[in-house]
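Novice: Prediction below, plus the sequence it came from.
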Amino acid sequence: MSDLTEDQIRSALESILERRTADTRLTTMGAGSDDLEAGRRYLADTVAEGWHVPTWPAEYGGRKASSSQNALIGSILREFIVPDLYPFAIGLGMVGPALLAHGNSSQQEKWLKAIASGTSIWCQMFSEPEAGSDLANVALQAKLDGDEWVVEGQKTWTSRAMWADWAICLARTDPAQPKHKGLTMFAMPMAIPGVEIRPLMQMNRDAHFSEVFVEGARLSDEWRIGDVGEGWRVAMTVLAHERAGGGSRGGGDGSTRGAHIPTWISDLQALPTPHNAIWDDAVMGLYSHDAVSRWTMQRASDEARSSGSPGPAGSGAKLRTVKSYKGRAYLANQSSGAYGMLQDGHGYIELMTAPSMSIRGGTDEIQRNILGERVLGLPGEPRLDRDVPWKESRRGLI
Amino acid sequence: MSETFGVDPLITETADRLFSQICDHESIQNAEANGEAAEIWNAFAETGFPWISIGEEFGGSGGTLLEALEVLRLVGYHAAPIPAAETGVLGGWLLASSGQQLPEGVVTVLPNGSEDLLVTRNGDHLTLTGRGLRVPWARAAEIIVVPIQVEEQTFAATVDPGDCQITPMTNMAGEPRDTVDFNQVKAFAAPLPSDVNLQTFRFRGALSRTALMAGAIEKMSQLTVSYTNDRVQFGRPVAKFQAVQQHLVWGAQDAALARMAAETAGREANRGDGAFEIASAKLIANQAAARATKACHQAHGAMGMTQEYPLHHLSRRLWSWRKEYGGDAEWGEWLGRIAISQGADGLYPLITGGSAALT
Ligand SMILES: Cc1cc2nc3c(=O)[nH]c(=O)nc-3n(C[C@H](O)[C@H](O)[C@H](O)COP(=O)(O)OP(=O)(O)OC[C@H]3O[C@@H](n4cnc5c(N)ncnc54)[C@H](O)[C@@H]3O)c2cc1C
């Protein structure tokens, strides 16, 4: 498709979406919002011309946009009301790009359009009780039985599991290999026999993440993403996109281009707390952090587009996005004085959600390890288990 | 559990043992779901602990303010969902100071006193109209105490909660912080001595929160040290990672700092007014709570975010208490004014001498 001008994009979007105003409020990703329909409608409305995932091929719900065209569409989309796409974020931001990189054409055909149009929801079954930061330690096993894989094990912290049609699931297929080598990635339907979901309640009272118990579920080999033993490579692609902010286009920070003061600031201004120089300093500090963060993200995603994967820059992006979210949550709570102690106080959900931002998608510490090793070239952490069969290393070597 | 200055270790031990028995994870979760914890309160009340520091002649248990604060520290440590401070060192103190008898059950106080109320005098009693906000456990109280200032005189007015309209509200930790509407409510008012007034009440509120917070931060720090020593990733306990150790050190420092500040404030308050120490302690506890909750949550990973793991009992209480009886801005400003008023030469004596340097 040839590149469109800013005006052409804007008028195309104007015909299907409503403009954002200074009063438009956005919900928190993964907390406080249970509305699947708004997102479904938005994706259904935008998929025909590929507005939400512009870089994807047109037949899969994109418009094969160049990197600069994609960036332009992204920034114009911010002028419109884009609902909280939290339920769809894994598919749009992480599974989609991973399928484009590692999936075969029949898999792309089967899944991508459904993701882009909002008809199927995906969740991410990576973490396990013994595999958090140490993701390569996953124990959930998939064993070949005829031409099917039989899966046994447990995942945890699986966000969106109760809505999901499919999961992208990291499994151990060869325990005799060192831990990073014996892994394989699968797509798993959530509704097949042997898959049981137990929701866990978070301290913000949200029950959108779950334990998933898998007992003898059978997966077709056609649902394997990438080669047997290549699961870690696929996982790295998924995680790189997650860190780079995959899927959160539109929702999120409430910043707008141009005329509007970001809603988080106008909300703060409406609070009865006295504003003074200290307060102004905190607000403007966050505002400038956000702006710099957005530009840096833009640069990183341009670089990623030319190299094909977000790479370690995504870790920096994640650290900055988290800092913005937490900074706003703490400032809102501080600004609301004693009233902010109540559950119906301003920013309660955000405050209760804030700590998780530095944990989900890889902790701050892990992001810094990645930056230290891969960007600055600092010495790596000792990895004694690199060449040891997983079945020996899993219980610890020290 | 280490000893606390000026407190009979038997009190520490007994209260700690009691709370260990009655405040398990499930009962704290239930208290939040039900909006009350009658069983925990009854077991606590049976020991007489709520009324320590209140003279026996008023229906109290006797003992010192330091001992009462020690019990509050343990209430915070165990995240006990009960109106211990309101019944004792706040409401009970106002009642006894004005020569009134304590009721048998829960007492609560209007945190802002009569600030939000219209008060009219009607012969020997007062009539109150207006709205009290964020009143702890009003729904469970037998008496609501309202410190009221009329000209130079402060009174402890008592109100029957049955005469008010109570709307249940909750703080971030799920503890009752109700809205209480007074519509021409009759209150019995007894005069307070001159050293008990709206300002000293505010300091006393801050002192109570400081004790609760010191306990909660300490427990949070201990929980984090033990979790990170058990949790294995990359073949070793995560506590072996220096980045995690840094979180542990923040948690432990803040626990020590908050407890030291709380104990110093308690000691000075026990001796005289201790205003400077209390203001400092509340500010220190507020800031320590902000840092320590961040560090402890981060070191726990996803586990700390779930309702099934107890970290949130402590962190959510700390975020709420941090805002009660003065947030960072209020005490920061108060301390700033005092420091400036002492002039350059007075600053060092203020730091070393505290309240004593002010008189
Ligand atoms: C709200 C939420 C939603 C989530 N959703 C999903 C989901 O949908 N799918 C999914 O698969 N997972 C999900 N997760 C899990 C998430 O990916 C993990 O929580 C995360 O990877 C951290 O693992 P952990 O919680 O086991 O922490 P741990 O790995 O146990 O870490 C504990 C502490 O140790 C530190 N640490 C660990 N290793 C090192 C090291 N080498 N160097 C320095 N510090 C270290 C960590 O930074 C942390 O501070 C979710 C988590 C949350 C909180």
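Specialist: Received the coordinates, thanks. Fair warning: this is a prediction, and the values are worked out from it, not measured in the lab.
Novice: can stretch A:80-93 be found next to the ligand?
Specialist: No - Stretch A:80-93 is not in contact with the ligand by Cβ under 6 Å from any ligand atom; minimum separation 7.0 Å. C-beta coordinates here come from the backbone N, C-alpha and C atoms, glycine included.
Novice: Residues of the stretch 101-250 of chain A that sit close to the ligand?
Specialist: Counting by Cβ under 6 Å from any ligand atom, the residues of the stretch 101-250 of chain A near the ligand are A:123-127, A:132-133, A:157-159, A:209.
Novice: switch to 8 Å and redo it
Specialist: A:123-127, A:131-135, A:155-161, A:202, A:209 (Cβ under 8 Å from any ligand atom).
Novice: Name the residues that touch the helix or strand where B:Glu26 lies?
Specialist: Using DSSP states H and E, B:Glu26 maps to helix B:25-34. Contacts of helix B:25-34 with the rest of the structure, by Cβ atoms under 8 Å, 6 or more residues apart in numbering or on different chains, involve B:37, B:39-40, B:79-81, B:170, B:173-175, B:307, B:310, B:313.
Novice: Send over it as PDB, restricted to the C-alpha atoms.
Specialist: Output in PDB follows, covering the C-alpha atoms of helix B:25-34 (Å, rounded to 0.1, in the frame of the first residue of the first chain):
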ATOM      1  CA  HIS B  25      -4.500 -15.100  57.400                       C
ATOM      2  CA  GLU B  26      -8.000 -16.400  57.100                       C
ATOM      3  CA  SER B  27      -9.400 -14.300  59.900                       C
ATOM      4  CA  ILE B  28      -7.900 -11.100  58.500                       C
ATOM      5  CA  GLN B  29      -9.300 -11.900  55.100                       C
ATOM      6  CA  ASN B  30     -12.700 -12.600  56.600                       C
ATOM      7  CA  ALA B  31     -12.600  -9.400  58.600                       C
ATOM      8  CA  GLU B  32     -12.200  -7.500  55.300                       C
ATOM      9  CA  ALA B  33     -15.000  -9.400  53.600                       C
ATOM     10  CA  ASN B  34     -17.400  -9.000  56.500                       C
END
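Novice: And the residue of the stretch 251-359 of chain B that's closest to the ligand?
Specialist: B:Gly301 (2.3 Å; Cβ to the nearest ligand atom).
Novice: same for chain B: which of the residues of the stretch 101-250 of chain A next to the ligand are within range?
Specialist: A:127, A:132-134, A:156-157, A:202 (Cβ under 8 Å from any Cβ of the partner chain).
Novice: For the stretch 51-200 of chain B, which residue gets nearest to the ligand?
Specialist: Nearest to the ligand in the stretch 51-200 of chain B, going by Cβ to the nearest ligand atom, is B:Met172, at a distance of 17.9 Å.
Novice: Do you know the pLDDT at that residue?
Specialist: The model reports B:Met172 with a pLDDT of 95.
Novice: cool, the one 5 residues further on as well?
Specialist: As predicted, B:Arg177 sits at a pLDDT of 98.
Novice: next one: A:Thr24
Specialist: 74.
Novice: which residue packs closest to it, ignoring adjacent ones?
Specialist: A:Ile81 (5.8 Å; Cβ to Cβ, 6 or more residues apart in numbering or on different chains).
Novice: What number of residues are in the vicinity of the one you found?
Specialist: Here the count is done by other Cβ atoms under 10 Å in any protein chain shown, and A:Ile81 has 15 residues near it.
Novice: and what of B:Val145?
Specialist: Other residues close to B:Val145 by other Cβ under 10 Å number 26.
Novice: can you check A:Asp174 too?
Specialist: 18.
Novice: Hmm, A:Gly182 and it touching each other?
Specialist: Yes - applying Cβ atoms under 8 Å as the test, A:Asp174 and A:Gly182 come out as touching, 3.5 Å apart.
Novice: okay, and the common contacts of these two?
Specialist: A:Gly229.
Novice: give the contact list for A:Asp145.
Specialist: Counted by Cβ under 8 Å, 6+ apart, A:Asp145 has contacts A:Arg218.
Novice: Skipping adjacent residues, who's closest to the most centrally placed residue in chain B in space?
Specialist: In chain B, the C-alpha nearest the mean C-alpha coordinate belongs to B:Arg209, at 2.7 Å (Cα atoms, centre = their mean). Nearest non-adjacent residue to B:Arg209, counting by Cβ to Cβ, 6+ apart: B:Trp321, 4.7 Å away.
Novice: since we're on that neighbour, how many residues are nearby?
Specialist: B:Trp321, neighbours per other Cβ under 10 Å, totals 28.
Novice: How far off centre is the helix ranked longest in chain A?
Specialist: If you go by DSSP state H, chain A has its longest helix at helix A:277-307. Relative to its parent chain, helix A:277-307 has a centroid offset of 19 Å by Cα atoms, centre = their mean, to the nearest Å.
Novice: Among the contacts of helix B:25-34, name the ones in helices.
Specialist: Judged by DSSP H, helices contain the following of those: B:39-40, B:313.
Novice: which among these gets closest to B:Ile22?
Specialist: Within those, the smallest distance to B:Ile22 is 5.1 Å, found for B:Ile40 (Cβ to Cβ).
Novice: doesn't B:Ala79 make contact with the closest one?
Specialist: No - assessed by Cβ under 8 Å, B:Ile40 is found out of contact with B:Ala79, at 10.7 Å.
Novice: And those two? Which one has more around it.
Specialist: Set B:Ile40 next to B:Ala79 and count neighbours by other Cβ under 10 Å: B:Ala79 wins out with 26 against 22.
Novice: Identify the residue nearest the more buried one in space, chain neighbours excluded?
Specialist: Closest to B:Ala79 by Cβ to Cβ, 6+ apart is B:His313, at 3.9 Å.
Novice: and if you look at A:Leu17?
Specialist: Per Cβ to Cβ, 6+ apart, closest to A:Leu17 is A:Phe80, 4.0 Å.
Novice: Let me see the contact set for the residue of the stretch 51-200 of chain B closest to the ligand.
Specialist: A:341-343, A:345, A:348, A:351-352, B:316-317, B:319-320.
Novice: Now for the residues you listed, which sits with the most neighbours around it?
Specialist: B:Arg317 leads the contacts of B:Met172 on contacts (other Cβ under 10 Å) with 28 neighbours.
Novice: Can you tell me which helices and strands whichever strand or helix holds that residue packs against?
Specialist: When secondary structure is defined by DSSP H and E, B:Arg317 falls within helix B:311-321. Applying 3 or more Cβ pairs under 8 Å, 6 or more residues apart in numbering or on different chains; DSSP states H and E, one finds that helix B:311-321 contacts helix A:348-357, helix B:198-230, helix B:275-300.
Novice: quick one, it and helix A:348-357 angle?
Specialist: Using axes from the mean of the first three to the mean of the last three Cα atoms, to 10 degrees, the inter-axis angle of helix B:311-321 relative to helix A:348-357 is 130 degrees.
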